[in-house]
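Novice: I would like to see how this sequence folds:
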Amino acid sequence: MASPSIQRPSSSSTSHSQWSYDVFLSFRGEDTRKSFTDHLYSALIRNNIHTFRDDEELPRGEEIAPELLKAIEESRIAIIVFSKTYAHSKWCLDELVKIMECKEERGQIVIPIFYNVDPSEVRKQTGICGEAFTRHEENADEERKEKIRKWRTAMEQAGNLAGHVAENR
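Specialist: Numbering: from 1, shown residues only. Predicted coordinates:
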């Protein structure tokens, strides 16, 4: 079971009863955990923004944890840090589908950050994102193909949102 980092806001913070978290951070750990995402998380916490960040490296091939799906549902805002290998992770793509569902069904605010990746590569699944989907599609059965269609739709939707471009500087 994942042990998320959870920072409680100060008592002066206002919270909506529908939301357990202000922000859910979706990111690929191996790309950004020790750099951009750590800095972003620290800045959110310093500003008393109640943030969910999964601290465990997720085991390959397993289904996304129910606790993670619940945390997504209970977050007012989702920040998606798209990075070079975000689309290589089935976990990240499953999170993304859930986030886009929550945007539609629950009015969740979704903020994409394109970290060292071009937003059009996310939107159109070209370049390194396209390579990831080519790998996912290899030997895919019908059930997997349906999942991949959902991933592609979510990537396109998120790529079309106004976001922020961040680079390693």
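
Novice: How many neighbouring residues does residue 85 have?
Specialist: For residue 85, the count of nearby residues is 17 (other C-beta atoms under 10 Å). For the C-beta atoms, the positions are set from N, CA and C on the backbone; glycine is no exception.

Novice: let me redo that: residue 39
Specialist: 12.

Novice: pLDDT value on it, please?
Specialist: The per-residue pLDDT reported for residue 39 equals 95.

Novice: Can you pull the phi and psi angles for the residue nearest to the spatial centre of the chain?
Specialist: Against the mean C-alpha coordinate of the chain, by C-alpha atoms, centre = their mean, the closest residue is residue 26 at 2.5 Å. For residue 26, the backbone dihedrals (degrees, to the nearest 10) come out as phi -110, psi 120.

Novice: Kindly report the same for residue 52.
Specialist: Torsion angles, degrees, to the nearest 10, at residue 52: phi -100, psi 130.

Novice: Measure how buried it is and give me the count.
Specialist: Neighbour tally, residue 52, other C-beta under 10 Å: 24.

Novice: what does residue 31 give?
Specialist: Neighbours of residue 31 (other C-beta under 10 Å): 22.

Novice: Please name the nearest non-neighbouring residue to it.
Specialist: Once flanking residues are discounted, residue 31 sits nearest to residue 83: 3.7 Å by C-beta to C-beta, 6 or more residues apart in numbering.

Novice: Tell me if I'm right that that neighbour and residue 26 touch.
Specialist: No: under the criterion of C-beta atoms under 8 Å, residue 83 is not in contact with residue 26, lying 10.7 Å apart.

Novice: and the gap between the residue nearest to residue 31 and residue 145?
Specialist: Using C-beta to C-beta, to the nearest Å, residue 83 is found at 25 Å from residue 145.
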